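Q: Sequence and predicted structure are below.
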Amino acid sequence: MTVDHRAAPPPTGPVPWDKKFALRLLADMVRIRRMEEKSAELYGAGKIRGFLHLYIGEEATAVGALHALSAEDNIVATYREHGHALVRGMDMGAIMAEMYGKREGCAHGRGGSMHLFDKATRLFGGNAIVGGGLPLAVGLGLAAKMQNENRLTACFFGDGAVAEGAFHESLNLAALWKLPVLFCCENNLYGMGTALERSESQTDLCVKAASYNMPALKVDGMDIVAVHEITKQAVQRVRAGDGPVFVEYQTYRFRAHSMFDAELYRQKAEVEEWKTRGPIHTFSARLKAEGKLTEEDFLALDAAANAEVDAAVAFAEAGTWEPVEDLLKDVHTS
Amino acid sequence: MTVDHRAAPPPTGPVPWDKKFALRLLADMVRIRRMEEKSAELYGAGKIRGFLHLYIGEEATAVGALHALSAEDNIVATYREHGHALVRGMDMGAIMAEMYGKREGCAHGRGGSMHLFDKATRLFGGNAIVGGGLPLAVGLGLAAKMQNENRLTACFFGDGAVAEGAFHESLNLAALWKLPVLFCCENNLYGMGTALERSESQTDLCVKAASYNMPALKVDGMDIVAVHEITKQAVQRVRAGDGPVFVEYQTYRFRAHSMFDAELYRQKAEVEEWKTRGPIHTFSARLKAEGKLTEEDFLALDAAANAEVDAAVAFAEAGTWEPVEDLLKDVHTS
Amino acid sequence: MSRRLNYREAMREAMHEALVADPRVFLMGEDVGMYGGTYAFSKGFLDEFGPERIRDTPLSELGFVGAAIGAALGGMRPIVEVMTVNFSLLALDQIVNSAALYRHMSGGQFSVPLVIRMTTGAGRQLAAQHSHSLEGWYAHIPGIKVLAPATIEDARGMLAPALADPDPVVIFEHAGLFNMEGDLADDWTVDIRSATVRREGKDVAIITHGGSLPKALAAAEQLAATGIDAEVLDLRVLRPLDTATIMASVSKCRHAVVVDEGWRTGSLAAEVMARIMENVFYELDAPVARVCSEEVPIPYAKHLEEAALPQPEKIVAAVRGLFS
Amino acid sequence: MSRRLNYREAMREAMHEALVADPRVFLMGEDVGMYGGTYAFSKGFLDEFGPERIRDTPLSELGFVGAAIGAALGGMRPIVEVMTVNFSLLALDQIVNSAALYRHMSGGQFSVPLVIRMTTGAGRQLAAQHSHSLEGWYAHIPGIKVLAPATIEDARGMLAPALADPDPVVIFEHAGLFNMEGDLADDWTVDIRSATVRREGKDVAIITHGGSLPKALAAAEQLAATGIDAEVLDLRVLRPLDTATIMASVSKCRHAVVVDEGWRTGSLAAEVMARIMENVFYELDAPVARVCSEEVPIPYAKHLEEAALPQPEKIVAAVRGLFS
Ligand SMILES: Cc1ncc(C[n+]2csc(CCOP(=O)(O)OP(=O)(O)O)c2C)c(N)n1
Ligand SMILES: Cc1ncc(C[n+]2csc(CCOP(=O)(O)OP(=O)(O)O)c2C)c(N)n1
Ligand SMILES: [Mg+2]
Ligand SMILES: [Mg+2]
């Protein structure tokens, strides 16, 4: 499952899934892609403001990983979480309305793009402090263990977060206390403009994780099949009750870090090379080669995604503003 | 050099040093021991207040390690630093007066036991935040490197500090930037009342350190010969300019954590067993066996230590109080 | 009827009660278990409740406080002990950026029913890194409640309502109070909403909290001997401040001194003065004064430490200043 | 003679000058190098000064701020950039427990000649975790100086004296000011000791700093149109506060409003009010009012964020309130 993160060939090979499942995952990747493209457009149009971090290029990770979880599991994510929220089951309209800052958004416009929360699907945010979600995930794991609940907590974070003290303290606590936490490291090689090798003395993040006495797996994050299969294995191990597992998803973001990034820190050619490994077109090609996907199938699911996006935007546009009189709502429960 | 930390036999074997050097190190251990015993007594008598952390049992570490350094090197230590301060060359009177809170103390009574500082010997404290010294040591290393100074920074810290985020961030920075830092981990198996295996998922601290791509050595911290020789090696490697080195000194404190500790967390028998490995009597025995130490030698150096302690106490007793009008002094330079 | 116990025993009893009453409650922090609690607040708990519920943590303040927040999100009712406020600086990100914000950022979907306890204050010659009084900082943060039990009753009674609160509550326990003894009435009741008058008076309102309360009461006695009848108001709840009770005392006495162990500039005392200015300016017969810590890292030496902190004599002098 | 530039350019020039002037000066922080600076303050520096002196750091706020303190102890003159005040919570332990205390704890042996720069403030819809204004917290700590450049001149001029200071200096740069343009006189001079009157007036002193200065000036213009002549005082130096200049304005105007983007309770505004109470109580014709942020984590939605922050209209209303 190890890949050379920089210059791996595009993912190929058989897809061990039935057509229905394969198309579902493909459709989810396309849904994310279309939603993100629209978000970028809406940012340009001033409909979405603040910081906006797109998941374009990384779709295989959230989709492959989240489909390996059950509805009882907890999710903790970062500010780059639109895709996770969507795949986890949040309504795209509620996501879009939140990014518009509308009352109909999941947090009534209080949170915005970086803070999508959804109690129904156990999405505990949307955290915009790098590494900030890791201790929370440990605690959610602790709560599940103490209450004998059969749920794990999947915590998504980037390669940049690995340098934070929070990473260290959290991995140690989870391993020491044998908590049901799945650490999902989305290694896209950059934390903002800082390349991994300029951030870590040890760039093999699995070696770092393993130093906590925790199983650590790495996978080609552009290959949704590999992502899903390895995550299933990892989930099984976590559910066995022997403690946390770390998975490094080796991926890449095709867009800028946020909407304010001149991308001085990487070469256009590098981005282009990675695009040849794009998770959607490579997976589509594999499915087509196996006869599990026709061009019509793809067009249909793409059209559905676009329709969903249009509906979500319409929903957000039609949304209302939280009354200013309610400014102080939800600071405290009572 | 690896020892089983729990049940190693007392250190034995040849001492590869001439008599003069051997006796100097022995004398330093005895000086610390006598000073610490007196400090405990003075604490009981109310002369020293606040928190007092004794180094009794751990003398071989500071003495063996510090004698491997040069006068140009920087030292960063913890609240358990009396021994380091003394061996580094601070006047015992200035130490004692500081613990009395007297004006003649190294910090005019502002710092007390936990905050011994000495510009002349480049002792940058005495830090009472667990792990707090580690980032400072990284910075001192950075300053030395940027100024092309041939000095390393030795940073002492306990096993408990390894769990702190500061440890993680500091080791990574030092290794990433290849800084001349010697990380001296005094692993005495407990952080206050918490045993190492209840604090770390990975109890081999060298494995942890190595995960930063840093050479990591472990040594029997009760064996001053081993401590000194391995530290010399480590120092050489640091001076070579390839970055930091981590040394784990496996040691044990014979006394309570501080003066307020009922020691509920460890067995008397364990303490007694460790005492059989006490650094002073085992080293003395080895020297005697080799004919490098006579009983008279020992009595003489012990007497000298006691005399030094008496003089230090007299100095502290005769000391004066910083005038209350000077309360606000030294908050800012001007 | 009443019985005699000290502050430490009172808090210990409160925790014991909570642990017995609710299986979701657990205690976690550095050395709360095997060591018996840094200040012996949880002595014996490990044997009684086991290591799952009396959970010793590694030295990872950011991590375990964050974990407590997560556990609260996950349905537990953690009591997390940060050994002292000094080390809480390492955990502030989680307290301010997670615990305090989660309810609001999630549009009311998630709340964090967490109690954070920490020792605060100086007075034991622990020097600059172990002597902070940062209650005022915490009281600045929307989304958390801040309590400062300064009596046996409050040490005994504030924990239960704090645990019942669906949102994060921070409790500051001043180290100078731990051995203080007092009588606890059998029918005590304690809320976590109001300030309380600890000594009635009519000439000046001395407004304080936590470790400064005994000093304020001592000052009031000294003042009484010279004919000044001081009221002593214990803020008790530092966020949200009980403005009405403060104003009632100040309006009555027309003079006020605020006593706060925080450093003067930016102290909680400043906030109390600002509120007095806003609410009862015209009822003041003199400007409100404050007695705070001097603007110096707290020194080790006893005489310097004493000089740095509020003391009854300084309070007396400040009160006299109002009438001169 | 003068020339036109914006805040960002002014600060960039100041850093450039410092880097050229003193080989001990270096800049370190997240994305100061390859990325060109989060807010482009250091664009081009990496090429000009190289990676040793324009040092990109991993995401390790505690570690690299502590390292900057260590480098200062070791003879360098670091400028450490913490991307925003929000993330500085992770580094607070090193700032408060090391940088601020080392001189005192060492009895004057060691000082920490360090400059910490950070972006502060809200107003760009970055939501609760990216919108703190914690200058008031920092201004509470003895041992550090706190600056808030709010003009082109101050952005250009405060860095050099901060670097010359032998003790730690924290500089807060409000994100709302970065694109503000202004004229810089060729003979500008800037100190880091005094508050400054930005607009003279006689009826009310509006006392503010940082990102609220333009709002206060806008409010003053609106007030002028209705016959109220407001003086606008820019605190500039938040620790130590220039009490004399504050009192001069307040004594003259006999009315004051303090404007501060911090949350109301425990804001720096409270400290200013407390000092006014202590110093010029009898010269006030009305209680001092304040305009601060509402007690809510800053919401994302524009209309809610605006409602949460000080605005010229609120300042105008507060001033009018004093005269009604
Ligand atoms: C504690 C903290 N420091 C800095 C930032 C600013 N910041 C936001 S995202 C980011 C990069 C994080 O990189 P990584 O963890 O790899 O995630 P990615 O953005 O690549 O998904 C930075 C530096 C922050 N939000 N929080
Ligand atoms: C950040 C922080 N947390 C907690 C403490 C309280 N404390 C002081 S010493 C200590 C134990 C540290 O153990 P270790 O690092 O192993 O050093 P040792 O005392 O064994 O030499 C603790 C918990 C502290 N001073 N700082
Ligand atoms: Mg990344
Ligand atoms: Mg230890």
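A: Done, it's in. Ligands and ions are numbered 1, 2, ... in the order given.
Q: Please enumerate the helices of the stretch 1-150 of chain C.
A: Counting by DSSP state H, counting those that start in this stretch, the stretch 1-150 of chain C has helices at residues C:7-21, C:45-53, C:61-73, C:85-88, C:92, C:102-105, C:135-138.
Q: got these as JSON lines, with mean neighbour count columns?
A: Backbone N, C-alpha and C define where each C-beta goes, glycine included. Converted to JSON lines, these look like this (neighbours: other C-beta atoms under 10 Å in any protein chain shown):
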{"stretch": "helix C:7-21", "mean neighbour count": "20"}
{"stretch": "helix C:45-53", "mean neighbour count": "15"}
{"stretch": "helix C:61-73", "mean neighbour count": "31"}
{"stretch": "helix C:85-88", "mean neighbour count": "25"}
{"stretch": "helix C:92", "mean neighbour count": "24"}
{"stretch": "helix C:102-105", "mean neighbour count": "28"}
{"stretch": "helix C:135-138", "mean neighbour count": "28"}
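Q: Switch those helices over to a markdown table; also include mean pLDDT.
A: Converted to a markdown table, these look like this (pLDDT from 0 to 100):
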| stretch | mean pLDDT |
| --- | --- |
| helix C:7-21 | 98 |
| helix C:45-53 | 98 |
| helix C:61-73 | 99 |
| helix C:85-88 | 98 |
| helix C:92 | 98 |
| helix C:102-105 | 98 |
| helix C:135-138 | 98 |
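Q: Export these as a markdown table, with columns for distance to residue B:295.
A: Shown next, in a markdown table, are the helices of the stretch 1-150 of chain C (distance: least, C-beta to C-beta, whole Å):
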| stretch | distance to residue B:295 |
| --- | --- |
| helix C:7-21 | 50 |
| helix C:45-53 | 47 |
| helix C:61-73 | 50 |
| helix C:85-88 | 48 |
| helix C:92 | 57 |
| helix C:102-105 | 69 |
| helix C:135-138 | 59 |
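Q: any residue of the one helix or strand residue C:321 maps to up close to chain B?
A: Here residue C:321, judged by DSSP states H and E, is contained in helix C:312-322. No - Helix C:312-322 is not in contact with chain B by C-beta under 8 Å from any C-beta of the partner chain; minimum separation 12.6 Å.
Q: Determine the set of other helices and strands touching that helix.
A: strand C:204-208, helix C:213-225, strand C:256-263, strand C:289-293 (3 or more C-beta pairs under 8 Å, 6 or more residues apart in numbering or on different chains; DSSP states H and E).
Q: ranking these by burial, who's on top?
A: strand C:204-208 (a mean of 30; mean count of other C-beta atoms under 10 Å in any protein chain shown).
Q: what about residue A:311, neighbour count?
A: 14 (other C-beta atoms under 10 Å in any protein chain shown).
Q: what do you get for residue C:2?
A: 12.
Q: ok, it - contacts?
A: C:183, C:184, C:185, C:186 (C-beta atoms under 8 Å, 6 or more residues apart in numbering or on different chains).
Q: before we move on, the earlier item: minimum distance to residue C:190: which of the helices of the stretch 1-150 of chain C has it?
A: helix C:7-21 (9.7 Å; C-beta to C-beta).
Q: Skipping adjacent residues, who's closest to the residue in the stretch 101-250 of chain C positioned nearest to chain D in space?
A: As assessed by C-beta to the nearest C-beta, chain D sits closest to residue C:140 within the stretch 101-250 of chain C, at 3.4 Å. The shortest distance from residue C:140 to any non-neighbouring residue, by C-beta to C-beta, 6 or more residues apart in numbering or on different chains, is to residue D:266 (3.4 Å).
Q: what's the one you found sitting at in phi/psi?
A: phi 70, psi 20 (degrees, to the nearest 10).
Q: pretty sure it contacts residue C:272?
A: No - taking contacts as C-beta atoms under 8 Å, residue D:266 lies outside contact range of residue C:272: 10.1 Å.
Q: among the contacts of residue C:2, who's most crowded?
A: residue C:184 (20 neighbours).
Q: Check which helix or strand that one maps to.
A: Using DSSP H and E, residue C:184 falls in strand C:181-185.
Q: Check what contacts that strand and list those residues.
A: C:1, C:2, C:3, C:4, C:5, C:6, C:7, C:10, C:151, C:152, C:153, C:156.
Q: For ligand 3, what's the nearest residue on the stretch 201-334 of chain A?
A: Closest contact between the stretch 201-334 of chain A and ligand 3, by C-beta to the ion, is at residue A:253 (7.3 Å).
Q: For ligand 3, tell me whether stretch A:178-189 is touching it.
A: Yes - using C-beta under 5 Å from the ion, we find that stretch A:178-189 touches ligand 3 at residue A:188.
Q: quick one: buried residues of that stretch?
A: Of all the residues in stretch A:178-189, those buried under the rule 16 or more other C-beta atoms under 10 Å in any protein chain shown are A:179, A:180, A:181, A:182, A:183, A:184, A:185, A:186, A:187, A:188, A:189.
Q: Pick out whichever of those residues sits closest to residue C:84.
A: residue A:179 (26.8 Å).
Q: where does residue C:211 land in three-state SS?
A: helix (DSSP: H, G, I helix; E, B strand; the rest coil).
Q: Helix or strand: which one has the residue nearest to residue A:26 when sequence neighbours are not counted?
A: In space, and not counting its chain neighbours, residue A:26 is closest to residue A:283: 5.9 Å by C-beta to C-beta, 6+ apart. Per DSSP H and E: residue A:283 is located in helix A:279-289.
Q: Now do that helix: which elements does it pack against?
A: Counting contacts by 3+ C-beta pairs under 8 Å, 6+ apart, helix A:279-289 is packed against helix A:19-44, helix A:59-66, helix A:224-239.
Q: which one of these is the most hemmed in?
A: For those, the highest mean count by mean count of other C-beta under 10 Å goes to helix A:59-66, at a mean of 30.
Q: Now do that one: which elements does it pack against?
A: helix A:19-44, helix A:82-88, strand A:153-158, strand A:181-187, helix A:224-239, strand A:245-250, helix A:279-289.
Q: From ligand 4, how far off is residue A:301?
A: Distance, residue A:301 to ligand 4, using C-beta to the ion, to the nearest Å: 59 Å.
Q: next one: residue A:275
A: Remark: distance between residue A:275 and ligand 4 (C-beta to the ion) = 51 Å.
Q: follow-up on the earlier one: number of nearby residues for the residue nearest to residue A:26?
A: Applying other C-beta under 10 Å, I find that residue A:283 has 26 neighbouring residues.
Q: Could you check the pLDDT of it?
A: You'll see residue A:283 listed with a pLDDT of 98.
Q: The closest residue to residue C:99 other than its chain neighbours: neighbour count?
A: Using C-beta to C-beta, 6+ apart and skipping residues adjacent in sequence, the residue nearest residue C:99 is residue C:168, 4.3 Å away. When counting by other C-beta under 10 Å, one arrives at 28 neighbours for residue C:168.
Q: Thanks again, I'm all set now.
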